[in-house]
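Student: Need coordinates for the following:
(4 chains)
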There are 2 protein chains.
Amino acid sequence: MPASKRDQLLATAERLFYEQGFHATGVDRIVAAAGVVRMTLYNHFTSKEALITAVLKARHERFIASLDAAAASASPGQVTRAMVEAHGRWLERYSQHGCIMAKAMGEFAEHGTEIHALAAAAKTDLLARLEAAVKSDELDHHEGLARRLFVVLEGSNTTVALLGVQAALADTRAVTDALLAAARSGIS
Amino acid sequence: MPASKRDQLLATAERLFYEQGFHATGVDRIVAAAGVVRMTLYNHFTSKEALITAVLKARHERFIASLDAAAASASPGQVTRAMVEAHGRWLERYSQHGCIMAKAMGEFAEHGTEIHALAAAAKTDLLARLEAAVKSDELDHHEGLARRLFVVLEGSNTTVALLGVQAALADTRAVTDALLAAARSGIS
DNA sequence: GTATTTAGATAGATCGGTCTATATAGGAGC
DNA sequence: GCTCCTATATAGACCGATCTATCTAAATAC
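Tutor: Residues are numbered from 1 along each chain as shown, chains lettered A, B, ... in the order given. Predicted structure coming up:
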């Protein structure tokens, strides 16, 4: 049973926005690639902007769900590491060309726009979860460590597009391991 | 003496592209903000794409020049650290809303385009200089350390736009210091 | 006097978005 | 099983706005 037209549109738009950018992807190309007609898009979404926000929200929900699942099944004291690894798996599977939220922030940089706020909130959402993980693991230097891990994961996001997923993940893991080891031994 | 029309166009276009994105910035707005007429732009640049590449090249040259200056005046064994600090100063002064090369890669993601290649080359250029710095400082784990520092600096690029320059630079410095200290003591 | 800049009209393409009329599918009620 | 109704999808014309880019003729500057 095929997905609903709405889901087809969301999936196709997500792929095209991610691969070619938001402005560079016209609604004509989206509907053509989704195998639907133009009015079907505007029947489900009030505008291209609404489609973009729906795409970003859906993707972010999937991302957060995978993070939370990893955290929930982690051994005690290993929540932070599990979250970092879940982030790496997400990159590997869905985000090898960079972070779509970062792209959205770049293209809709004028502050105050809903898209910019949404993408920024997605990123701070990750930071908040890292902080919660660090706290639950009872690692030293709570607040600072989470932000440092965040910086590294952000760097991982853009490095995959440049050096490939293998190298980016290996280097990311090396840095995060060092940070976690230092926090566990009380050094910083 | 005012700058040449060409320089005015380059500076204005750089600012607008950076603040609002490449696709979102039309040539009309550029020439209006530069106080120039549209034909003047097309007299100096064959197309908007040519203007974009000229902007990126000029900015990258300035960035590399500041990196090289920092490296040249660094004490022996401190080249890598000097380069990391120069990167931080660049962020502070010119790049508080994220890396323009990353934005360019996001908006012109189709591989093969000159703009994408240019922006990617700018990033690998930084990595190459980090590798040279690590080598000249005779730090342990040459190749790996440079790539790890690169990941962190990339993360710094995007984090400034989210957490502000103060927090981003502090966290970046904490991570790079840890990496450099570990490399210096032979641990990794 | 030569090169640059200005002014403004203009071209052609593409953009997001709307409209209407037709067609199709699925469930409710008999 | 059959009809009817409603919701959804289709096809394609159409709109105004905006986009990049060009052309020409007058003005300006070194």
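Student: how much space is there between the closest residue to chain B within chain A and DNA strand D?
Tutor: Residue nearest to chain B within chain A (CB to the nearest CB): residue A:155, separated by 2.9 Å. Glycine gets a C-beta too; all of them are placed from N, C-alpha and C. Distance of residue A:155 to DNA strand D, computed by CB to the nearest atom of the strand, to the nearest Å: 31 Å.
Student: Domain ranges for chain A, per the record?
Tutor: Domains of chain A are assigned by automatic domain parsing as A:1-45, A:56-185.
Student: out of the ones you listed, nearest to DNA strand C?
Tutor: domain A:1-45 (3.1 Å; CB to the nearest atom of the strand).
Student: Adding mean pLDDT and distance to DNA strand C, write the domains of chain A out as CSV.
Tutor: Shown next, in CSV, are the domains of chain A (pLDDT from 0 to 100; distance: least, CB to the nearest atom of the strand, whole Å):
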stretch, mean pLDDT, distance to DNA strand C
domain A:1-45, 93, 3
domain A:56-185, 93, 12
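Student: Dump these into CSV; add mean neighbour count and distance to residue B:149 as well.
Tutor: Conversion of these to CSV gives the following (neighbours: other CB atoms under 10 Å in any protein chain shown; distance: least, CB to CB, whole Å):
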stretch, mean neighbour count, distance to residue B:149
domain A:1-45, 17, 28
domain A:56-185, 19, 9
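Student: out of those, nearest to residue B:27?
Tutor: Closest of the domains of chain A to residue B:27 is domain A:1-45, at 14.7 Å (criterion: CB to CB).
Student: rewinding a little: and residue B:163, which of the domains of chain A is closest to it?
Tutor: So among these, domain A:56-185 is nearest, using CB to CB, at 7.1 Å.
Student: Packing partners of the longest helix seen in chain A?
Tutor: In chain A, taking DSSP state H as the definition, the longest helix is helix A:142-184. Applying 3 or more CB pairs under 8 Å, 6 or more residues apart in numbering or on different chains; DSSP states H and E, we find helix A:142-184 packed against helix A:79-94, helix A:100-107, helix A:114-136, helix B:114-136, helix B:142-184.
Student: Give me the angle between the longest one and helix B:114-136.
Tutor: With axes from the mean of the first three to the mean of the last three CA atoms, to 10 degrees as the criterion, the two stretches helix B:142-184 and helix B:114-136 enclose an angle of 50 degrees.
Student: quick check: angle from helix B:142-184 to helix B:100-107?
Tutor: Angle of helix B:142-184 versus helix B:100-107, following the same axes, to 10 degrees, is 140 degrees.
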